[in-house]
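>>> sequence? don't have it. structure:
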């Protein structure tokens, strides 16, 4: 099976409805590993409690030092077991995770400075930045 045809998740963690998938992030997942822990950039591997699918959760904040309304971005993307292991072991760099988006959808929660929060599924490669 090629990577492009890999099936990910279950109806609870990889639901078609982005809001439903986002709302389950609090109680439907368990954090397995924190790969990067910084106040403006964090990367962790989480596991769905219903089906054991692993996901990477990437949080990035860009501080603009004006009014405290700093841009915050969350990306949640499924990982294969091998990718999760490589990320935790350090052989898959956090800044390289965006390339994996080419063959799977990922949930994005974007809250730009001065704007409204946006939530939705996206597909394709994406940039991972350390924020700050």
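Done, it's in. Only a predicted model underlies this, so the values are computations on that prediction, with no experimental measurement involved. Residues are numbered from 1 along each chain as shown.
>>> host element of residue 61?
Taking DSSP states H and E as the criterion, the element that holds residue 61 is strand 54-62.
>>> so what touches that strand?
Residues outside strand 54-62 that contact it (CB atoms under 8 Å, 6 or more residues apart in numbering): 9, 13, 25, 29, 32, 39-48, 70-81, 83-84, 87, 94, 97, 113, 128-132. Any C-beta I mention is one placed from the backbone N, CA and C, and that applies to glycine too.
>>> okay, and which of those residues map to strands?
Among the contacts of strand 54-62, the residues falling in strands (DSSP state E) are 29, 32, 41-48, 71-79.
>>> which of those residues are buried, as a PyMOL select command?
Here is the PyMOL command that selects the buried residues among those (16 or more other CB atoms under 10 Å):
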select buried, resi 29+41+42+43+44+45+46+47+48+71+72+73+74+75+76+77+78+79
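>>> where along the chain do the helices fall?
18-23, 81-89 (DSSP state H).
>>> which outside residues touch the shortest one?
For helix 18-23, contacts defined as CB under 8 Å, 6+ apart pick out 13, 14, 15, 76, 107, 109, 119, 120, 121.
>>> can you check stretch 25-36 too?
So stretch 25-36 is in contact with 12-13, 42-50, 54-55, 57, 76, 84, 87-88, 94, going by CB under 8 Å, 6+ apart.
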